[in-house]
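Peer 1: Give me a 3D structure for the following:
(one chain, ligands or ions: 1)
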Amino acid sequence: MPLSRMSTVSSLVALLGFTGSALAAQTAELQATEQLYNQHCSVCHGTQRIGGAGPALLPESLGRLKKPEASKAISEGRPASQMAAYKDILSPAEIDSMVDFLYTPIDNPPAWTDSDTSASHRLLVDTSTLADTPQHNADPLNLFVVVEAGTHHVTILDGDTFESVARFQSHFALHGGPKFSPDGRYVYFASRDGWVSKYDLHNLTMIAETRVGLNTRNLAVSNNGRWVLAGNYLPGTLVLLNADDLSLVKSMDTIGSDGTASRVSAVYTAPPRDSFVVALKDTNEAWELSYAGTPDFVPRRIIAQDALDDFSFTPDYRYLLATSRKAKGGQVIDLDSGKSITDIPLPGMPHLGSGIYWKRGGDWVFATPNISQGLISVLDLKTWQLIKEIPTEGPGFFMRSHANSKYAWTDVFFGPNQEVVHLIDKQTLEIAHTLRPMPGKNAAHVEFTNDGSHLILSVWDTEGALIVYDAKTLKEVKRIPMNKPSGKYNVGNKIEFAEGTSH
Ligand code: HEC
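Peer 2: Sure, this is the predicted structure:
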């Protein structure tokens, strides 16, 4: 028996604390389950569960999938996919042990090396044959890239007519939001299982793809369009790619100065600083990697008071607002001096990555939803004071606005009132309107058109929709049925790093 399989068995046994004959029975059951996995599942999900034609089935990959949902996927299969139903092949008890097995960490985590990354790299077209101008009639700066989470597809939507310009299959479970080249021609995607892909919005074709890891958080594109940086949970690495063809430049193990190996929570580009900023999950550091001039990509280590899960920036990218469990909320880090300058009271587990800023009177304010409490926290970006906590009908996840809109839109993503969206008046900081776009269904992420005249809202349901609103009259303009549309990204808003959208 290979070592890794032995160790999975022994770690589960240790975890459960079995002794004597109970232990023997448990070990035998797990071994039988591994055999069933190898017999029925590994052909698609990979030996060591690292994925193949089907997604990776490691605990890191299954984080968002609840055990009963995994059980349902195995017994009933998934419609319109290669995942067949196993209820006539495996007994209910076998399915139960299969689920336990899939959620058991592998003691010797499978490796993903630079040679694996390079071997996975594929150029899908001869780029010299591609036109340099848009081969469609839509305004290239008002296209939306729409992620359809339910079907693992992407739709490219014309932001003037709200008609589809293209639709294609993506890798399983896109993660962390697509990012654009500075001119808006290319869009880069990262998938949960580590695939980075590059799509040409002029020619409406996929250009290249590379697998950079086994479990990836997100990616960022440098403001000069030359580099793509991806951050991984598994293995804990940063992977730098050439933005032209997605070939590997180098990978870096994310190890803190105290020697702690860390997962990467998120990577961002900070355009005015010509750098990438990286949040590390398991060590008290944020990294800045300059891409100015001829970069060596040696990280500048910024020591924080706490591990940073999630963060956002001030409009000038001078300061980082980061979540911190120790500070019971957030801390502010000056990226120039590398020092934490103050704590901010944000008790409700803020989702800072979705926070947005706008001008209120003459001053910048920053607002963020909170994942554990139904309130929007609003901060003054000069004094770092909490100006207001706006109660909502439940904890939210996303927040969006536009310089031309009076309102900041926020969802109630968690809890019984998922169908609700609130429109917050950006000057009075009061809820001005509460909408129920599709009663009973989860209303979520919003994104504005480039001119801010309209916005598109996702109803996150297998029988969901994109709903287009007039941003002033709040009248519904169009409804496009869609299976779990998640994020939508307006090319112009994203490449301008426009106020009101997250980066
Ligand atoms: C012929 C290929 C194939 C085989 C064999 C296969 N699967 Fe799958 N499986 C898939 C694909 C493809 C998906 C993704 C389906 C989708 O689009 O939701 C999937 C999805 C899943 C998921 C849901 C993962 C998630 O994150 O949503 C689980 C759990 C799963 N498979 C378990 C199994 C188990 C256990 C077996 C063996 C008993 C098995 N699969 C056999 C192809 C396969």
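
Peer 1: Can you tell me the closest non-neighbouring residue to the residue of the stretch 201-350 of the chain at minimum distance from the ligand?
Peer 2: The minimum distance from the stretch 201-350 of the chain to the ligand, using C-beta to the nearest ligand atom, falls at Asn215 (11.3 Å). Bear in mind the C-beta positions are built from the backbone N, C-alpha and C, glycine included. Spatial nearest neighbour of Asn215, chain neighbours left out: Leu234 (3.8 Å); criterion: C-beta to C-beta, 6 or more residues apart in numbering.

Peer 1: Check Gly338 too.
Peer 2: Ile302 (4.5 Å).

Peer 1: Which elements pack onto the strand or helix carrying the one you found?
Peer 2: Under the criterion of DSSP states H and E, Ile302 resides in strand 300-303. Strand 300-303 sits against strand 285-290, with contacts defined as 3 or more C-beta pairs under 8 Å, 6 or more residues apart in numbering; DSSP states H and E.

Peer 1: what do you get if the cut-off is 10 Å, keeping everything else the same?
Peer 2: For strand 300-303, the packing partners by 3 or more C-beta pairs under 10 Å, 6 or more residues apart in numbering; DSSP states H and E come out as strand 275-280, strand 285-290, strand 329-334, strand 339-345.

Peer 1: most packed of these?
Peer 2: Mean neighbour count (mean count of other C-beta atoms under 10 Å) peaks for strand 275-280 among the helices and strands packed on strand 300-303, with a mean of 26.

Peer 1: And the nearest residue to His175 once chain neighbours are set aside, how far from the ligand?
Peer 2: Excluding the flanking residues, the one nearest His175 by C-beta to C-beta, 6+ apart is Arg192, at 4.8 Å. Arg192 is 8 Å from the ligand, where distance means C-beta to the nearest ligand atom, to the nearest Å.

Peer 1: and Asp100, what helix or strand is that in?
Peer 2: helix 92-102.

Peer 1: roughly how far out does the very next helix or strand once past that helix sit from the chain middle?
Peer 2: Later in the chain than helix 92-102, the nearest helix or strand by DSSP H and E is helix 114-120. Taking the mean of its C-alpha atoms, helix 114-120 sits 23 Å from the chain's own mean (C-alpha atoms, centre = their mean, to the nearest Å).

Peer 1: helices or strands up against helix 114-120?
Peer 2: strand 195-200, strand 205-211, strand 237-242, strand 248-253.

Peer 1: So what's the residue count around the residue nearest to Asp380 when sequence neighbours are not counted?
Peer 2: Nearest residue to Asp380, sequence neighbours excluded (C-beta to C-beta, 6+ apart): Ile387, at 5.3 Å. Ile387: 16 surrounding residues under other C-beta atoms under 10 Å.

Peer 1: and the helix or strand containing Ile387, what other elements does it pack with?
Peer 2: For Ile387, the host element (DSSP H and E) is strand 386-391. In terms of contacts (3+ C-beta pairs under 10 Å, 6+ apart), strand 386-391 is packed against strand 339-345, strand 363-369, strand 375-380, strand 421-425.

Peer 1: Just put those strands in JSON lines and tack on distance to Ala443 and mean pLDDT.
Peer 2: As requested, those are arranged in JSON lines below (distance: least, C-beta to C-beta, whole Å; pLDDT from 0 to 100):
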{"stretch": "strand 339-345", "distance to Ala443": "28", "mean pLDDT": "89"}
{"stretch": "strand 363-369", "distance to Ala443": "13", "mean pLDDT": "95"}
{"stretch": "strand 375-380", "distance to Ala443": "16", "mean pLDDT": "95"}
{"stretch": "strand 421-425", "distance to Ala443": "5", "mean pLDDT": "98"}
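
Peer 1: buried stuff in stretch 121-141?
Peer 2: 121, 134, 138-139, 141 (16 or more other C-beta atoms under 10 Å).

Peer 1: ok, back up a step: so what's the residue nearest to Asn215 up against?
Peer 2: Contact analysis of Leu234 by C-beta atoms under 10 Å, 6 or more residues apart in numbering lists 50, 56, 58-61, 106, 109-112, 193-194, 213-216, 263.

Peer 1: ok now do the spatially most central residue of the chain, which residues does it touch?
Peer 2: Centroid-nearest residue in the chain, with C-alpha atoms, centre = their mean: Gly176, separated by 1.9 Å. Taking C-beta under 10 Å, 6+ apart, we find Gly176 in contact with 189-192, 216-220, 230-231, 266-267, 353, 487.

Peer 1: check whether stretch 473-490 contacts the ligand.
Peer 2: No - shown here: stretch 473-490 not in contact with the ligand (C-beta under 6 Å from any ligand atom), separated by at least 10.7 Å.

Peer 1: With respect to per-residue confidence, which of the contacts of Gly176 is lowest?
Peer 2: Minimum pLDDT across these is recorded for Gly353, with 86.

Peer 1: quick revisit: can you list the helices and strands packed on strand 386-391 in TSV and add distance to His202?
Peer 2: Listed next are the helices and strands packed on strand 386-391 as TSV, based on distance: least, C-beta to C-beta, whole Å:
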stretch	distance to His202
strand 339-345	42
strand 363-369	35
strand 375-380	38
strand 421-425	34
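
Peer 1: Nearest to the ligand among the ones you listed would be which one?
Peer 2: Evaluated over the helices and strands packed on strand 386-391, closeness to the ligand peaks at strand 363-369, with 25.3 Å, by C-beta to the nearest ligand atom.

Peer 1: Give me every residue in the stretch 1-150 of the chain lying close to the ligand.
Peer 2: So the stretch 1-150 of the chain meets the ligand at 40-41, 43-45, 53-55, 57, 62, 65, 70, 73-74, 78, 81-83, 86, 98 (C-beta under 6 Å from any ligand atom).

Peer 1: longest single helix anywhere in this structure?
Peer 2: In terms of residue count, the longest helix belonging to the chain (DSSP state H) is helix 20-40.

Peer 1: can you give me how far that helix is from the chain middle?
Peer 2: Relative to the centre of its chain, helix 20-40 is centred 35 Å away, using C-alpha atoms, centre = their mean.

Peer 1: Quick check: mean pLDDT of whatever helix or strand comes next after that helix?
Peer 2: Once the chain leaves helix 20-40, the next helix or strand it forms, by DSSP H and E, is helix 42-45. Average pLDDT, helix 42-45: 96.

Peer 1: which parts of helix 42-45 are buried?
Peer 2: So, applying 16+ other C-beta under 10 Å, buried residues of helix 42-45: 42, 45.

Peer 1: Only whichever of the residues of the stretch 1-150 of the chain next to the ligand are buried, select them in ChimeraX.
Peer 2: Restricted to buried positions by 16+ other C-beta under 10 Å, the ChimeraX selection for these reads:
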select :40,41,45,54,55,57,62,65,70,73,74,83,86,98
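
Peer 1: Let me see the contact set for the nearest residue to Leu289 once chain neighbours are set aside.
Peer 2: Closest residue in space to Leu289, ignoring its immediate chain neighbours: Phe276 at 4.5 Å, by C-beta to C-beta, 6+ apart. Contact analysis of Phe276 by C-beta under 10 Å, 6+ apart lists 219-223, 227-229, 231, 238, 240, 267-270, 287-291, 295, 297, 299.

Peer 1: same check, this time on Tyr489
Peer 2: Counting by C-beta under 10 Å, 6+ apart, Tyr489 has contacts 143-147, 177-180, 187, 445, 447, 501-502.

Peer 1: Relative to whichever strand or helix holds it, what are the paired strands and their orientations?
Peer 2: Secondary structure from DSSP H and E places Tyr489 in strand 485-490. Partners of strand 485-490 in the sheet, by DSSP bridges, are strand 143-148 (antiparallel).

Peer 1: what's the distance between the residue nearest to Phe448 when sequence neighbours are not counted and Val420?
Peer 2: The shortest distance from Phe448 to any non-neighbouring residue, by C-beta to C-beta, 6+ apart, is to His402 (3.9 Å). Per C-beta to C-beta, to the nearest Å, His402 is found 21 Å from Val420.
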